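Q: could you work out the structure for the sequence below:
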Amino acid sequence: MRSSSGIERMSRAFVCAVLALFVLAGCQSADDGAEGLTGAAAFYHGKNIRWIVPYSPGGGYDEYARLVSPYLQKHTGARIDIFNLPGAGGMRGVNDLFNAPQNGLTIGLMNGSALIMNELAGMRGADYRIAEFAYLGRLVADRRVFVVSLDSGVDSFEELLNSEDRFKMGATGLGGSTYVDAVIMNEAFDLPLDIIHGFDSSSVVRQAMLRGNVIGTWGSWGSATDGIDTGRHKVILQSGRQRHPDLPDTPTAFEVASLTQNPERTLAILNAWESLHAVGRPVAAPAGTRPDRLVFLEEAFRKTMQDPELLEEAANSARPVDYISADEMRQVVEEATHLPPDIQKLFISAVKGEL
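A: As a prediction, the model looks like this:
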């Protein structure tokens, strides 16, 4: 008859043997998945990539990241973990990205134009250097639109431009894109608008439009579609050098520049404004990321943004995609950070709330 201690030793040996089989099977499965992979592809297989979103869950940036991440996971072989790091108008998350390890396991989505302006203006908290990021490419460039309430009595931008009455326009806080857009367009066209800023979010501005406290606001086309679809709002002006396919009857700011008293200055402001908006929502890794891994991430991002399944899902969810490559993204950033001195001074004054 075996002793109890002998039975215990046999039981422990059996458990260890079973665990060893599970570990061996797991390793074999991982090896099978990585079979044939070399270099950066082998490195990323089974790793976790941290994707920083510098805004709260549920917003447009967060929704874009969650739309794209399964496809980026597909094309990298890594798991994509989204980390929301809101704060300081998006600068907290971007600072975290800028200072992250350079091992290629951290990427981030950014509000490019706002971050460029905050850096140029020397805003407190802008501890990054936008030109030094290792860009993977651009996800989308927001089409900016001037939206007014249908109850405002304003039917067209030309009517507003020629009005002898003054109107109130809503915007979020100083430095925010809705505020800077409003101030810059007022400066370019000398509009009869008083900008009421400090609203917590664009949704609160829209509530003020509903109450009749303000006539309208600037924002992205994607964010404006709900008010348009429900028949509450109307777009009277849009950014871009060409009209957006969804807005064929709405003039661009460039089209009405000739209506101002100083068209040359208006066009100079619009050119700078357009170059900033072209930065859009880029995806980047920290400066100094290992070159071989960066090349792999750039290619994986390209495949992701051109994936037919992603494009179909984006279209079905009314999330436009406007991809440009890493090389094109670096050129866009170069142009946006080297504005003519007088125009750069104007934009810095707008960001600081000096206009």
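
Q: contacts and neighbour counts: CA atoms only from here.
A: Fine.

Q: shaky segments in this structure?
A: Within the chain, the ranges that satisfy pLDDT under 70 run 1-34, 175.

Q: try it again with 50
A: Residue ranges of the chain with pLDDT under 50: 1-32.

Q: can you pull out the helices in it?
A: Here the chain has its helices, by DSSP state H, at 4-33, 39-44, 60-76, 91-98, 112-120, 157-161, 177-189, 202-211, 221-229, 263-279, 291-305, 308-316, 326-336, 341-351.

Q: show me what the shortest one is in contact with.
A: Translated: helix 157-161. 154, 189-192, 236-237, 256 (C-alpha atoms under 8 Å, 6 or more residues apart in numbering).

Q: cool, and the third one?
A: Residues external to helix 60-76 that are found in contact with it (C-alpha under 8 Å, 6+ apart): 41, 44-45, 53, 55-57, 79-80, 82, 84, 109, 297, 300-301, 303-305, 307, 310, 314, 319.

Q: ok, T178 touching T217?
A: Yes: counting by C-alpha atoms under 8 Å, T178 touches T217, with 7.0 Å between them.

Q: find the residues that touch each one of the two.
A: Listed contacts common to T178 and T217 are A171; contacts here mean C-alpha under 8 Å, 6+ apart.

Q: thinking again about what came up before, mind putting the helices of the chain in CSV, mean neighbour count included?
A: Shown next, in CSV, are those (neighbours: other C-alpha atoms under 10 Å):
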stretch, mean neighbour count
helix 4-33, 12
helix 39-44, 17
helix 60-76, 19
helix 91-98, 23
helix 112-120, 22
helix 157-161, 16
helix 177-189, 22
helix 202-211, 18
helix 221-229, 16
helix 263-279, 20
helix 291-305, 20
helix 308-316, 14
helix 326-336, 18
helix 341-351, 18
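
Q: out of those, which comes closest to R143?
A: Of all the helices of the chain, helix 221-229 sits nearest to R143, with 5.5 Å by C-alpha to C-alpha.

Q: if we can go back for a sec, any chance of a PyMOL selection covering the buried ones in the contacts of helix 157-161?
A: If you want just the buried ones from the contacts of helix 157-161 in PyMOL, going by 16 or more other C-alpha atoms under 10 Å, the selection is:
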select buried, resi 154+189+191+192+236+237+256
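
Q: mind checking how far the nearest residue to G353 once chain neighbours are set aside is from I196?
A: Nearest residue to G353, sequence neighbours excluded (C-alpha to C-alpha, 6 or more residues apart in numbering): L174, at 5.9 Å. To I196, L174 is 11 Å away according to C-alpha to C-alpha, to the nearest Å.

Q: next one: stretch 130-143 to chain centre, how far?
A: 8 Å (C-alpha atoms, centre = their mean, to the nearest Å).

Q: what about it, start to end distance?
A: End-to-end distance (C-alpha to C-alpha), stretch 130-143: 21 Å.

Q: same deal with stretch 230-248?
A: One end of stretch 230-248 sits 19 Å from the other (C-alpha to C-alpha).

Q: cool, stretch 243-251 as well?
A: For stretch 243-251, the first and last residues are 7 Å from each other (C-alpha to C-alpha).

Q: contact partners of that stretch?
A: Outside stretch 243-251, the residues that touch it by C-alpha under 8 Å, 6+ apart are 143, 235-238, 252.

Q: quick check: the farthest pair among those residues?
A: Counting by C-alpha to C-alpha, the most remote pair of the contacts of stretch 243-251 is R143 and I236, 13.2 Å apart.

Q: measure how buried N111 is and give me the count.
A: 24 (other C-alpha atoms under 10 Å).

Q: backbone phi and psi for it, please?
A: Main-chain torsions, N111, degrees, to the nearest 10: phi -90, psi 90.

Q: before we move on, what about Q102?
A: With angles defined as degrees, to the nearest 10, Q102 sits at phi -90, psi 30.

Q: what's the answer for the one 3 residues further on, then?
A: Geometry field for L105 lists phi and psi as phi -110, psi 10, criterion degrees, to the nearest 10.

Q: what do you get for R243?
A: phi -70, psi 140.

Q: can you tell me how far it sits from R144?
A: R243 is 11 Å from R144, where distance means C-alpha to C-alpha.

Q: go on, L120?
A: 21 Å.

Q: can you pull the contacts of I236?
A: 145-148, 155-157, 250-251.

Q: re earlier: narrow the contacts of stretch 243-251 to those in strands?
A: 235-238 (DSSP state E).

Q: CSV please, covering those and showing distance to A272.
A: Putting the ones in strands among the contacts of stretch 243-251 into CSV (distance: C-alpha to C-alpha, whole Å) gives the following:
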residue, distance to A272
V235, 22
I236, 21
L237, 17
Q238, 15
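
Q: with respect to Y128, which of those residues is nearest?
A: When these are compared against Y128 (criterion: C-alpha to C-alpha), the nearest one is Q238, at 30.4 Å.
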